[in-house]
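>>> Below: sequence and its predicted model.
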Amino acid sequence: MKQKKHKAYKESQEGKVSDLIKKLESNLKVNEKINSMIMKLDKLKQQLTTQPQQQQNLKETIAQYEVAICNYEEERRKQNLTSEERQRILDNIRAVINSIEPLPAHNQNEKQIHKDLKNLNRIEENFLILRTKSSDEQFIIDSSKIICQVVEKKNKIIMMIDKTEDDNQGVSIKMQQLKIQNDDQQAETPTMLPDEIQNYGLIKDEQFQRKSKQSLQFIGEIQQQSEKNLNQFETPTAGKDSELSDIKLTDKNIESKQSFEEYTNDNQLNQEQICEGEKCQICFAKKRRYVAIPCGHYIYCEICKQLVEQKMKCLLCRQNVCQMFEVYA
């Protein structure tokens, strides 16, 4: 409710500013016409003494100017804009300028920031024109003060926009550092996000390989112990049979070791390809899923995509980004 009231108040104030500027402009135009006609009237009265042969024509022209001046003065009286009222209008315009607050350059504030800058530019342009047209020294001074106030307010808004962009950059750098530091902890936790399942699977494969190596070593130790036991009770025939069985067992062990080594080599190659080719090139912690348009950089995961959407700039080439498309591999 408060936001709606504040918005309605600001819109009413903006409408008042445009009406006030129109009143000032109309009042200045009437004053300028009256002043210019008074100057021309004085020149015509001087010509009456220097050009007596044209007195009749000059008197008719003077009478026309006097009627016109009376009409413009009547119009000025209808406007009822005295010097005090004009000062009150200028004070109201100053109050409207002061009511505009610099906002952080977030997505929800983008329209309001654009509107505030547009209104400030309109006020500045109008007072530049009024100051140029006016011959009133006090009004020229007041207009210059308002123009300076508008420029100062615009500078504050621009400084707030720059500060927000710097803060967003700092937040993105901190998030990347946290991702790198907590990568191992995230992989070991039992509850993980869908994007982290792949990394967890790689760790499980490494644990399986380690256990398989330990089991092969244990089988080798059992084989050596059995050979010792057979040698103690060896008979001629039994020795030949045991040698044949040992040869077969060693052949099987060699084949199993070779197949295990081929499996581990292939698995390691697949892991390296996934790690290098499919990881996000910003945080190096998650799988890439999004491409920036129009620059075409396919390097972003879900979290880093949100960083791009905050500034709408590619984090690699710094070009403006229109959209982020998800790529289904």
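Cool, got the structure. As the structure is a computational prediction, the values presented were derived from the model and not from experiment. Numbers count the residues shown, from 1 in each chain.

>>> Can you pull out the residues in contact with stretch 313-329?
Stretch 313-329 is contacted from outside by 172, 278, 281-282, 288-295, 297-300, 304-305, 307-309, 312, using Cβ atoms under 8 Å, 6 or more residues apart in numbering. No exception for glycine: its C-beta is placed from N, CA and C like everyone else's.

>>> Buried residues of it, list them for me.
313-315, 321, 324 (16 or more other Cβ atoms under 10 Å).

>>> so can I have CSV of these showing distance to residue 61, pLDDT and secondary structure?
Formatted as CSV, the buried residues of stretch 313-329 follow (distance: Cβ to Cβ, whole Å; pLDDT from 0 to 100; DSSP: H, G, I helix; E, B strand; the rest coil):
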residue, distance to residue 61, pLDDT, secondary structure
313, 68, 86, strand
314, 72, 88, coil
315, 75, 85, coil
321, 69, 88, coil
324, 74, 87, strand
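
>>> out of those residues, which one sits closest to residue 68?
residue 313 (61.1 Å; Cβ to Cβ).

>>> how near is the closest one to residue 40?
As judged by Cβ to Cβ, to the nearest Å, residue 313 and residue 40 stand 61 Å apart.

>>> Residue 157 now?
Relative to residue 40, residue 157 is positioned 47 Å away (Cβ to Cβ).

>>> Residue 156 now?
Taking Cβ to Cβ, one finds residue 156 at 47 Å from residue 40.

>>> do the same with residue 301
Counting by Cβ to Cβ - residue 301 and residue 40 are separated by 77 Å.

>>> So for the two, which sits in the more crowded spot?
residue 301 (21 against 15; other Cβ atoms under 10 Å).

>>> correct me, but the more buried one touches residue 291?
No - at 11.8 Å, residue 301 does not count as touching residue 291 under the criterion of Cβ atoms under 8 Å.

>>> list the buried ones in the helix or strand hosting residue 97?
When elements are assigned from DSSP states H and E, residue 97 belongs to helix 83-99. Going by neighbour count (16+ other Cβ under 10 Å), the buried part of helix 83-99 is 86, 89-90, 93, 96-97.

>>> where's the dip in pLDDT among the residues you listed?
Among the buried residues of helix 83-99, residue 86 carries the lowest pLDDT, at 78.

>>> Tell me how many other residues crowd the residue nearest to residue 112 when sequence neighbours are not counted.
Spatial nearest neighbour of residue 112, chain neighbours left out: residue 103 (6.1 Å); criterion: Cβ to Cβ, 6 or more residues apart in numbering. Residue 103: 16 surrounding residues under other Cβ under 10 Å.

>>> Quick check: phi and psi at residue 103.
phi -110, psi 150 (degrees, to the nearest 10).

>>> so who does it touch?
Residues counted as contacts of residue 103 (Cβ under 8 Å, 6+ apart) are 109, 112-113, 116, 157, 160.

>>> Ok, residue 90 next?
142, 146.

>>> let's see 6 Å
Residues near residue 90 by Cβ atoms under 6 Å, 6 or more residues apart in numbering: residue 142.

>>> quick one: it from residue 152, how far?
In terms of Cβ to Cβ, residue 90 sits 16 Å off from residue 152.

>>> same question, residue 316
37 Å.

>>> now do residue 319
Taking Cβ to Cβ, one finds residue 319 at 33 Å from residue 152.

>>> Run through the helices of this structure in chain order.
Per DSSP state H, the chain carries helices over the ranges 2-50, 55-79, 83-99, 110-133, 137-181, 183-188, 197-232, 236-278, 302-311.

>>> residues near residue 55, how many?
Neighbours of residue 55 (other Cβ under 10 Å): 12.

>>> which residues touch it?
residue 48.

>>> go on, residue 290?
Contacts of residue 290 (Cβ under 6 Å, 6+ apart): 300, 305, 324, 326.

>>> Okay, and the beta partners of the third one?
In this entry, residue 324 is beta-bridged to residue 292, by DSSP bridges.

>>> Please report the distance of it from residue 133.
Counting by Cβ to Cβ - residue 324 and residue 133 are separated by 51 Å.

>>> Tell me how many other residues surround the closest residue in space to residue 123 that isn't next to it in sequence.
The spatial neighbour of residue 123 that comes closest, neighbours along the chain excluded (Cβ to Cβ, 6+ apart), is residue 150 at 5.5 Å. For residue 150, the number of neighbouring residues by other Cβ under 10 Å comes to 23.

>>> No more questions from me, cheers.
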